[in-house]
Structure formats: C-alpha cells, structure tokens
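Asker: No sequence on hand, only this structure:
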C-alpha cells in the first residue's frame, strides 16, 4: 500500500487583541483595530476546520459546524476557500491591508471555483 503524497503543511498563528467595550449595559469584547482582515480570518478558519477533522476533533463538516456554532452552509462556504491555490492563499495571508481592502469573500469564492491553479494565480494578480 503506498502512502498518499501530501503537500507542504502550512502553519499560521494569529495574535488578536481584544478590547473591552460597554454595549447596552454589558461588557463585551470586540476585535481591536489591529485585527487581521476578515478575509484572512476566514481563510484561517477554513484551515482550522480542516485541522479539526484531520485531528479527529470533528467527524465531518456538520460536526465542525455544531462545535463552532455556525451553520453547515457557512462551513461549506468557508472551506471552499481551501480550493484556492497555495500561492494565492499565501499571498492573501501575507498581503498588506490596503491590498485586501477591495477584496470580498464573494470574489475569492469565484476565484476558488477556477480549477486551474495557474489560472487562479493569474487572476489573483489582476484583483
């Protein structure tokens, strides 16, 4: 039996600062202004969901959705970003906030629907 080839494993670590704010007579925590862009957080969440399944912390996407408190549909949307080429994912994670300002999750989902990674990389450079 041959071992399945695996690509390089990417590891990301985010340090997020929360600040306490008073909202409607109760204290809540919100992301501080230096928090990562929503696209970066969504991509990191996609990798977290996959890691949960790989490590056995969740059996499938439905189980992951339940433990994260989101819908199965949202898990499907988020993990769809894993279809982006590794080069595009790396570019997103390393991009300056100004580069991501005009980028939406909808645009990335459309890009992820392109099956050819070389074509994805070419399209990414035009976004």
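Answerer: Arrived safely. This one's a predicted model, so the numbers in the text were calculated from it and none came from an experiment. Residues are numbered from 1 along each chain as shown.
Asker: quick one, what contacts the most centrally placed residue in the chain?
Answerer: With distances taken as CA atoms, centre = their mean, residue 43 lies nearest the centre of the chain, 1.1 Å away. By CB atoms under 8 Å, 6 or more residues apart in numbering, residue 43 lies in contact with 81, 84, 89, 92, 93. All C-beta atoms are positioned from the backbone trio N, CA, C, and that covers glycine.
Asker: Tell me if residue 13 really is in a strand.
Answerer: No - with DSSP: H, G, I helix; E, B strand; the rest coil as the criterion, residue 13 is assigned coil and is not in a strand.
Asker: Quick check: it vs residue 42, distance?
Answerer: 16 Å (CB to CB, to the nearest Å).
Asker: which SSE is the residue nearest to the centre of the chain in?
Answerer: Applying DSSP states H and E as the criterion places residue 43 in helix 38-54.
Asker: now the helices for the chain?
Answerer: Using DSSP state H, the helices found in the chain span residues 38-54, 61-68, 72-79, 86-94, 97-100, 105-112, 117-126.
Asker: tilt between the second one and helix 72-79?
Answerer: When you say that, I think you mean helix 61-68. 100 degrees (axes from the mean of the first three to the mean of the last three CA atoms, to 10 degrees).
Asker: could you check the angle helix 38-54 makes with helix 61-68?
Answerer: 120 degrees.
Asker: which secondary structure elements does helix 61-68 contact?
Answerer: In terms of contacts (3 or more CB pairs under 8 Å, 6 or more residues apart in numbering; DSSP states H and E), helix 61-68 is packed against helix 38-54, helix 72-79.
Asker: Tell me the buried residues in the first one?
Answerer: Of all the residues in helix 38-54, those buried under the rule 16 or more other CB atoms under 10 Å are 39, 40, 42, 43, 44, 45, 46, 47, 49, 50, 52.
Asker: for stretch 107-125, same thing?
Answerer: The neighbour-count check on stretch 107-125 (16+ other CB under 10 Å) flags 108, 111, 112, 114, 120, 121, 124 as buried.
Asker: Tell me the spatial nearest neighbour of residue 64, not counting adjacent residues.
Answerer: Nearest residue to residue 64 in three dimensions, chain neighbours excluded: residue 58, at 3.9 Å (CB to CB, 6 or more residues apart in numbering).
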